[in-house]
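[1] task: produce atomic coordinates for the following.
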Amino acid sequence: MGVGWILIALGVICVLLVLAVIGIYNKLVALRNRFKNAFAQIDVQLKRRYDLIPNLVEVAKGYMKHERETLEAVIQARNQAAAAGTQAAQNPGDPGAMKSLGRAEGQLTGVLGRLFALSENYPDLKANQNMLALQEELSSTENKVSFSRQAYNDAVMQYNTSRETFPAVVLVGMLGFQQADLFEIEESAQREAPKVSF
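    As a prediction, this is how the structure comes out:
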């Protein structure tokens, strides 16, 4: 009878361990899917932003003929940010992709800031109805990107915290759960949304 009880006890312990591993795995999958979904919301807003920028440049081009270099810099930065966004969307949380996206978004924000600063020198551009409408849409989109980024970073923080706590920390390597990176804009001067007031 003693050996039978020991085998039953070992069987129960094994079942409990398997259930614990399954629970940890399922929780990490749910948290990973949450931060991927949160990034998808960022991606939607970034694509909207990228779609607005060529229209903004097109309107500005008619008034800012002597600022061709700045307008080209905006389009180039937009294209680089869009490419970085596509790469990050393929694997949200990937450290390299998130750093690349943060860097590209910082550069785009910087050149947009220069464009808006230069537009102050063109009163007719400031009064243009298309420019005012684009300004309003871009401002709204910037706010949505900011809120979406916060939701994504919160989800990543929760995922990373769960994967780094015991007993999950013992299993994450075997289960294939890599650390996710936050979406941060690297240069502090570029953390602010561009000022789009006309």
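
[2] any buried residues in stretch 173-183, and which?
    Of the residues in stretch 173-183, those scored as buried under the neighbour-count criterion (16 or more other CB atoms under 10 Å) are F177, A180, D181, L182, F183. Glycine gets a C-beta too; all of them are placed from N, C-alpha and C.

[3] hmm, the second one is touching F35, no?
    When you say that, I think you mean A180. Yes - applying CB atoms under 8 Å as the test, A180 and F35 come out as touching, 5.9 Å apart.

[4] intersection of neighbour lists for these two?
    Contact with both A180 and F35 is made by residues P92, G93, V156, Y159, according to CB atoms under 8 Å, 6 or more residues apart in numbering.

[5] any idea which of these is closest to L118?
    P92 (34.6 Å; CB to CB).

[6] what's the helix or strand for the closest residue in space to the closest one that isn't next to it in sequence?
    Taking CB to CB, 6 or more residues apart in numbering as the measure, P92 lies nearest to F39, with 3.6 Å between them; neighbours along the chain are not counted. Assigned by DSSP states H and E, F39 belongs to helix 2-63.

[7] for this structure, which spans come out with low pLDDT?
    Using pLDDT under 70 as the threshold, the predicted model of the chain has low-confidence ranges 1, 186-198.

[8] repeat that with 80
    Per-residue confidence for the chain (pLDDT under 80) gives these ranges: 1, 65-66, 126-127, 186-198.

[9] quick one: contacts of stretch 44-64?
    Here stretch 44-64 makes contact (CB under 8 Å, 6+ apart) with 67, 70-71, 74-75, 78, 81-82, 85, 105, 108, 112, 115, 118-119, 122, 124-125, 128, 130-131, 134, 137-138, 141-142, 144-145, 148.

[10] what's the answer for stretch 89-99, then?
    With CB under 8 Å, 6+ apart, stretch 89-99 has contacts from 32, 35-36, 39-40, 43, 84, 87-88, 152, 156, 159, 178-184, 186.

[11] filter those to the buried ones?
    In the contacts of stretch 89-99, burial by neighbour count holds for 32, 35-36, 39, 43, 84, 87-88, 152, 156, 159, 180-183, counting by 16+ other CB under 10 Å.
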